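Asks: Compute the structure for the input listed below.
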Amino acid sequence: MAAVIPPPQDSAVFENPGQLYRLIAETVPLMVWTATVDGGVDFVNQRVLEYTGLDSARLEGWNWKAVVHPDDWEHCVSNWTRALQSGERSENEMRLRRADGAYRWHHGSGVPLRDADGHVVRWFGVCTDIEDQIRGAQVLESLVAERTRALLDSELRFRSFMDNAPAIAWIKDAQFRYTYINRAHERFHGRRKHFAQRVPLFRRWRRPLMPMAGRVTGWWSSFRFRTLRGGRGSAASA
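Replies: Residues are numbered from 1 along each chain as shown. Below is the predicted model of the structure:
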């Protein structure tokens, strides 16, 4: 999309910076505003008027408070005041009331215009609608929370099932360290000393199972163990 250049007879626009700024402000697809050194709004473009349903007179100075969500006003003013005092760029996220009464999230950004001596003489800013991004982030956060709850519920069901199973059960990681043992395992072997240190509870011999073309397809193990009561036993597993 290209901007339309006024014909030669309107070249006076280019000789007047104020008119040129207004032309640009009405051309960009954003809500544009300017403010005085003390932070009072003194210009808004047509998009602001269309969005808010208000005329420019009702938004001048600090009257723009009327379109900011009450819950966001204090934070918004705090950031804006800090920028006015420091002369640094202002960034704000707030909900702005639309003409139909609905609030939508916007990102407001204001930058200072300085004179040759570096003094701030005016502020120029835009407001960008970020409602869709905010809603998308909220949906994602909700999905993550739901998935986390589902995983926790699944783990609780797994632990409940395994802890009540009439057999010894355990899980080991890739380094053959214990990551889980059920209650039967605790009762049979004990837990504090061995599981906390992740030390094997038995002597083990591992041999490759059914080698094919030089590739190991599995492992089998035989081991001897000693119970806490001094008894001995043996078992095998794949």
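Asks: next SSE after the longest helix seen in the chain?
Replies: As assigned by DSSP state H, the longest helix anywhere in the chain is helix 131-163. The helix or strand immediately downstream of helix 131-163 is strand 170-172, counting by DSSP states H and E.
Asks: Give me the sheet partners of that following strand and which way each runs.
Replies: Strand pairing for strand 170-172, using DSSP bridges, gives strand 178-181 (antiparallel).
Asks: and the nearest residue to Asn63 once chain neighbours are set aside, how many neighbours?
Replies: Excluding the flanking residues, the one nearest Asn63 by CB to CB, 6 or more residues apart in numbering is Val41, at 7.7 Å. For every residue, glycine as well, the C-beta is placed using N, CA and C. Counted with other CB atoms under 10 Å, residues neighbouring Val41 total 19.
Asks: quick one, strands of the chain?
Replies: With DSSP state E as the criterion, the chain has strands at 31-35, 41-44, 90-97, 103-114, 120-129, 170-172, 178-181, 203-208, 219-226, 232-237.
Asks: thinking again about what came up before, tell me the buried residues in the longest helix of the chain?
Replies: 134, 162 (16 or more other CB atoms under 10 Å).
Asks: tell me the angle that helix makes with strand 103-114.
Replies: Interaxial angle, helix 131-163 versus strand 103-114 (axes from the mean of the first three to the mean of the last three CA atoms, to 10 degrees): 120 degrees.
Asks: rewinding a little: comparing the strands of the chain, which yields the minimum mean pLDDT?
Replies: Of all those, strand 203-208 carries the lowest average pLDDT, namely a mean of 43.
Asks: Pull the contacting residues for Ser142.
Replies: Contact analysis of Ser142 by CB atoms under 8 Å, 6 or more residues apart in numbering lists nothing.
Asks: Domains in the chain, by residue range?
Replies: For the chain, automatic domain parsing gives the domain ranges 8-129, 131-164.
Asks: could I get these as CSV with distance to Ala174?
Replies: Compiled in CSV, the domains of the chain are given as follows (distance: least, CB to CB, whole Å):
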stretch, distance to Ala174
domain 8-129, 45
domain 131-164, 20
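Asks: which of those domains sits most buried?
Replies: Burial of the domains of the chain is given as mean neighbour count (mean count of other CB atoms under 10 Å); domain 8-129 ranks first at a mean of 15.
Asks: Near the closest residue to Ala184 other than its chain neighbours, how many other residues are there?
Replies: Using CB to CB, 6+ apart and skipping the chain neighbours, the partner closest in space to Ala184 is Ile168 (4.9 Å). Here the count is done by other CB under 10 Å, and Ile168 has 16 residues near it.
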